[in-house]
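J.: coordinates only, sequence not included:
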């Protein structure tokens, strides 16, 4: 095969751009999940949040004709699903793993039902035009770097800001300090006067915002249409990326970029006939992003042997008396 | 690094405390039922008869009861294994992949085995499938033990590797050369699991039921069960108490994966008649629900498996009797589980 | 995994939409011969003469409708395989030929098919159509116990039993025909093809596209990408963009149409719509659609059931020559189709209809 078509100078910028596009929805969801897990909540409902965000943003943008209304609607629906997760996991303190899986089932059924009820069986399904790319003056003209970093659509810039914001909140604010405290030592945080349940509620809502935004990026910026299960398991990959990034928002985003670029690369190798010529089965290409992610996780955890996992992850916090606070 | 002692997953309180407030339970159930009724109504069905149809439809005829028991089998087997892992708070999210690997490796063995006598072939294939599932779980445990790789990420990602691996195996090496579609030859009839007497359900159900007392004993009466529970309460404390936690996690993952692998091969020998791309039925995920809904206790898992199987079979019936989209039934099923979860929790308050 | 399969469905409310969309479609086509544009719901009198076993409408009305159940594996609004099946039976229901019930399995493994198939068996259905090539084993297992029920499944290769018919999905024929036009339009001679997985029907469809293109451009080549999912629209779109980077400018898709059409739109390429007329999804980019007109196949089955000639069951292979599928061209397509390619297209179509030319089926290597 022709490697220049995959990794040559002319092919590199499209490869990175495709990697960024593939990384964005998953990465946003994963960054929100990272904050949520830092507060001690294992939010497995993420796929449901992404999917609801996708449907919400589609409906908002389609009916209003305004991309930003779509984004708001997507974030809104994502937050609503996260609130259900919080109600079950934080208020009722039912098992977090099961809550998450059930909500994914619920969101899958509800989004399908809603879409079908609204648009019926048709050969002309609704769609709208996706956001155009917005070239930042001067910076966008820098050869190479400019085309990758400063010639994207507006949502990509917003997403980058959102990731930065989560990082800032987690490490530079009082709320972030409480989040980390609650995730490590909820009893100590409680003793210090932190309302554990309220912090966890808020962390889940942040996860809803980011997941909803991820769904909106997928629809408003990339596809302009909706189909059943359009998120195709990205929420599950995002959960893996949180652990990949060792619960640090920036590393999590880095993991999402690695996953996205690997996916973009395997598509290009397949297209260049890499599989046909070498006899390597294409299933191996399809599995490549997952295998690379596992390999990097193994390497990274073997390198840094400290245990970054929040100590109370997955455990509901119940005071000794078993009462719940609000 | 010291850690707090989180509440153990399985609490034993006095029986009286578990009753809780019936008002809470009824309230939670009522809210969810009303929501579900709304969904059914929006979808164009009659909410009241829909609820009735789920139960009466499933238990109304011999053939649907058979279908229900067929659903119970994989859920019970996988659920038992997951319960052991979850009691140790080892979050195995990879039962789906372990199930697939067990199904395909065991199935390939049954097809390729030179010996074709049922007495040998069936137990051997079951063992091979179980071992394959255990090996897939071993990877997760070993990654955790040697490098500290979190089990959620490795078990989850290995699901995808298993799916693509199976797709390759049935497209090329295991493919039936005389056949059109990417799938293996039929499982030889000598390897098919026999049906239980008086039922049209294959013997996998019996295997699952036999394992119920075994798991009860192992978890309740053996040092192994004790160690797993200590592990689940607090990993650091378990280490401090002299338990080789790494070894234990590997063991737990192998057992959990082995159960999933057994469920997979039993399904192939008993229901699916060949290997193809459609083996990933989602039982590995659904069984997470049954394991936790059954409070990680074997008898509880029997009940929760029957519950999930009932709303699965009943769901297909409601789709037809109410003429509602299948998606509405998924919503209804999810609400049912949420009701049960919340009611269970409130009852234990 | 289960979560990617969870899907939705349409209720009868959507009935009117369906009727409108698959009823008389009057959009003009540039090239298709009359016999290939006949709307699926035309009455027998107007039906294409190439369709062999059509009985007259009057005769059909005088008899009891055939009781039919259709089992589908994805939602009936999937714009693809299942929707084609759904619209196929819906046409016959409106004609009064059949009584219809549609059941969604939304799964493909045998245990799930059993769950929906078993309750149907004792309910007096005359014909049960299991509309997937994954449903063969489940059907074959029960068919001998129900000799009075006619079964059919979409094996696509002639996998029949006494009371189990198989029906074809000769997508490669339409793909070959459309490929002639694609070969003429393509400036680079590089074609792109996408499919969820490498299954025979898709493999042959993708290869058929480039074989057709070589009728007018002997140097035409094909880039094919298998996505590994039927539902990942975004990944499919990226696959098409990657193909476009490597020169592909005309595209064909098997089962992953939404992403392929979006990719073609963004890269400015042309694309063949899949299974239903998809022109409206990208009017500038879709040069035509392969329409899978299953009502012809199902009509033959229902008539055989009624006439008592269903058993021993046949392999219903209703292809391009018999209006079982056709290429519906899109007038709005943004590029010019060269006259020589159009002439070749007409020529091959005429040959196929006259039974003088059989389009090759290229299975996996």
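T.: Here it is on my side, so go on. Bear in mind that the values here come from a model prediction, so they are computed numbers and not experimental data.
J.: can you map out the helices along the stretch 201-349 of chain B?
T.: In order along the chain, the stretch 201-349 of chain B carries the following helices (DSSP state H, counting those that start in this stretch): B:204-221, B:223-233, B:235-240, B:245-270, B:283-293, B:298-321, B:326-347.
J.: now the ones you listed as a markdown table including mean pLDDT?
T.: Below are the helices of the stretch 201-349 of chain B laid out as a markdown table (pLDDT from 0 to 100):
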| stretch | mean pLDDT |
| --- | --- |
| helix B:204-221 | 96 |
| helix B:223-233 | 94 |
| helix B:235-240 | 89 |
| helix B:245-270 | 96 |
| helix B:283-293 | 90 |
| helix B:298-321 | 90 |
| helix B:326-347 | 83 |
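J.: wait, which of those helices is closest to residue A:31?
T.: For the helices of the stretch 201-349 of chain B, distance to residue A:31 was read as C-beta to C-beta. The smallest value, 24.5 Å, belongs to helix B:283-293. Glycine gets a C-beta too; all of them are placed from N, C-alpha and C.
J.: angle of that closest one against helix B:245-270?
T.: Angle, helix B:283-293 to helix B:245-270, by axes from the mean of the first three to the mean of the last three C-alpha atoms, to 10 degrees: 120 degrees.
J.: touching chain C at all, helix B:283-293?
T.: Yes - applying C-beta under 8 Å from any C-beta of the partner chain, one finds that helix B:283-293 is in contact with chain C at B:284-286.
J.: which of those residues lies closest to residue B:99?
T.: Taking C-beta to C-beta as the measure, residue B:284 is the one of the residues of helix B:283-293 next to chain C closest to residue B:99, at 4.8 Å.
J.: re the thing from before, residue C:234: which of the helices of the stretch 201-349 of chain B is closest?
T.: Nearest to residue C:234, of all the helices of the stretch 201-349 of chain B, is helix B:326-347, at 21.5 Å by C-beta to C-beta.
J.: what angle do the closest one and helix B:283-293 make?
T.: With the same axes, to 10 degrees as the basis, helix B:326-347 and helix B:283-293 are set at 30 degrees to each other.
J.: may I ask which helix or strand encompasses the closest residue to residue B:257 other than its chain neighbours?
T.: Nearest residue to residue B:257 in three dimensions, chain neighbours excluded: residue B:137, at 2.1 Å (C-beta to C-beta, 6 or more residues apart in numbering or on different chains). In the assignment (DSSP states H and E), residue B:137 maps to helix B:118-142.
J.: most neighbours of all the residues of helix B:283-293 next to chain C, which one?
T.: When these are compared by neighbour count (other C-beta atoms under 10 Å in any protein chain shown), residue B:284 ends up highest, at 29 neighbours.
J.: now the helix holding residue B:137: buried residues?
T.: With burial defined by 16 or more other C-beta atoms under 10 Å in any protein chain shown, the residues of helix B:118-142 counted as buried are B:121-122, B:124-142.
J.: try stretch A:288-304
T.: Using 16+ other C-beta under 10 Å, the residues of stretch A:288-304 that count as buried are A:288-294, A:296-298, A:300-301.
J.: so how far is it from its chain's centroid?
T.: What separates the centre of stretch A:288-304 from the centre of its chain is 19 Å, taken as C-alpha atoms, centre = their mean, to the nearest Å.
J.: the residue nearest to residue B:257 is in contact with residue B:99, isn't it?
T.: No - under the criterion of C-beta atoms under 8 Å, residue B:137 is not in contact with residue B:99, lying 10.7 Å apart.
J.: residue of the stretch 1-150 of chain A closest to chain C, please.
T.: The minimum distance from the stretch 1-150 of chain A to chain C, using C-beta to the nearest C-beta, falls at residue A:112 (2.6 Å).
J.: neighbours of that residue, how many?
T.: Look at residue A:112: counted by other C-beta under 10 Å, it has 28 neighbours.
J.: same check, this time on residue C:268
T.: When neighbours are counted by other C-beta under 10 Å, residue C:268 registers 12.
J.: residue B:341 and chain A, how far apart?
T.: 4 Å (C-beta to the nearest C-beta, to the nearest Å).
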